[in-house]
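*Asks:* A structural model of the following input is requested.
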Amino acid sequence: MKFKGVVHRMAAAEVALNKVNSNRKQGYILGLQRIFDVHELPKKNGDSLFYLILDVLETKCHIQSGKKWKECEFRNEEGAVFGQCKAILQFNSNSKRSFVYKCGCALRPFASSVITRLCPDCPRPGNPSDDTFQKIARETLAKFNAENGHDRYFALVDVTKGTLQWVVGPSYFVEYTIQETSCPKSTPVSDVTQCPLLPYETAKRGLCKGSVINQGMKFQEAVTVSCNFFPRPKHQSPFSIRQVLPNIPPFPKEFSGSSECPGDVAINVYGLQLPSPPKAKTS
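*Replies:* Sure thing, here's the model as predicted:
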């Protein structure tokens, strides 16, 4: 029965994290790095009330990609967002039906002085809103607009990641979201920022990865760009059903003390220290 219990906890954790990701409007999908702690209150007919604490780590899938976290590759570099999410949900081990009552996360970017000390020339994350990364995004997007086979120009929406690496000169790497505009390529445009965006529901949208790499000589730069498009947003019903929530006991303050918690780590990231459970009290 121990194995079966682990399976149900993993299933509940998956439900909870999918809900967390569906609530996020910006950034990248969070993946389950580890189940930190679980409290389970069994009910009738296979129902259980789960109180979950999950260690999460950012993946390479944008939140608008429509993917589940299990489909995505973890980020393992400095600057990746990580943290813990808490969720309260009801899960039925027989029917697999579930309902998430509450969920929320405390997140921050991973920064490691160890990596900086051991590898001073490794890529370093920067602030995506800095002018330099904005410029790099526009430069690589210009290349994409010039070379893709689409009928309309795409405009920059948001720079989501920016990284700098210094080898023989500065090299920049960016990730950013784009959206289709109303400007047709049949009429050349010098400034895409003046093109109105097509409606969000119908426009083609995507995530681009671009780089401008200095090759050590003046005016010698290698510009690369690749873009993947998001699925169309699903139609949301204008009507909603108000559900009356039952009285739920508050989240337990104490660690469960289970020998199965914390659980197995899905990916170890060098320099990233996961939380440790509190030490057992001695009488």
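
*Asks:* can you map out the helices along the stretch 1-150 of the chain?
*Replies:* With DSSP state H, counting those that start in this stretch as the criterion, the stretch 1-150 of the chain has helices at 2-23, 113-118, 131-147.

*Asks:* Tell me which of these lies nearest to residue 270.
*Replies:* helix 113-118 (6.9 Å; C-beta to C-beta). No exception for glycine: its C-beta is placed from N, CA and C like everyone else's.

*Asks:* Please produce a markdown table containing the helices of the stretch 1-150 of the chain, extended by mean pLDDT and mean neighbour count.
*Replies:* Below are the helices of the stretch 1-150 of the chain laid out as a markdown table (pLDDT from 0 to 100; neighbours: other C-beta atoms under 10 Å):
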| stretch | mean pLDDT | mean neighbour count |
| --- | --- | --- |
| helix 2-23 | 84 | 17 |
| helix 113-118 | 68 | 12 |
| helix 131-147 | 97 | 17 |
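
*Asks:* any chance of these in a markdown table, plus distance to residue 49?
*Replies:* A markdown table is the format used below for the helices of the stretch 1-150 of the chain (distance: least, C-beta to C-beta, whole Å):
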| stretch | distance to residue 49 |
| --- | --- |
| helix 2-23 | 10 |
| helix 113-118 | 40 |
| helix 131-147 | 45 |
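
*Asks:* Between those, which one is closest to residue 102.
*Replies:* Closest among the helices of the stretch 1-150 of the chain, using C-beta to C-beta: helix 2-23, at 9.8 Å.

*Asks:* okay, that closest one in CSV with CA atoms only?
*Replies:* Taking Å, rounded to 0.1, in the frame of the first residue of the first chain, the C-alpha atoms of helix 2-23 are listed here in CSV:
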residue,chain,number,x,y,z
LYS,A,2,2.9,2.3,0.5
PHE,A,3,3.6,2.3,-3.3
LYS,A,4,0.0,3.0,-4.0
GLY,A,5,0.0,5.9,-1.6
VAL,A,6,3.1,7.4,-3.4
VAL,A,7,1.3,7.1,-6.7
HIS,A,8,-1.8,9.0,-5.4
ARG,A,9,0.4,11.7,-3.9
MET,A,10,2.2,12.2,-7.2
ALA,A,11,-1.2,12.3,-9.0
ALA,A,12,-2.5,14.9,-6.6
ALA,A,13,0.7,16.9,-7.0
GLU,A,14,0.4,16.9,-10.8
VAL,A,15,-3.2,18.1,-10.5
ALA,A,16,-2.1,20.9,-8.1
LEU,A,17,0.8,22.1,-10.3
ASN,A,18,-1.3,22.0,-13.5
LYS,A,19,-3.8,24.3,-11.6
VAL,A,20,-0.9,26.6,-10.5
ASN,A,21,0.3,26.9,-14.1
SER,A,22,-3.2,27.5,-15.5
ASN,A,23,-3.5,30.5,-13.1
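
*Asks:* For that helix, name the packing helices and strands.
*Replies:* When contacts are defined as 3 or more C-beta pairs under 8 Å, 6 or more residues apart in numbering; DSSP states H and E, helix 2-23 sits against strand 28-42, strand 47-62, strand 81-92, strand 98-109.

*Asks:* which one of the ones you listed lies closest to residue 252?
*Replies:* Closest approach to residue 252 among the helices and strands packed on helix 2-23 (C-beta to C-beta): strand 28-42, 4.9 Å.
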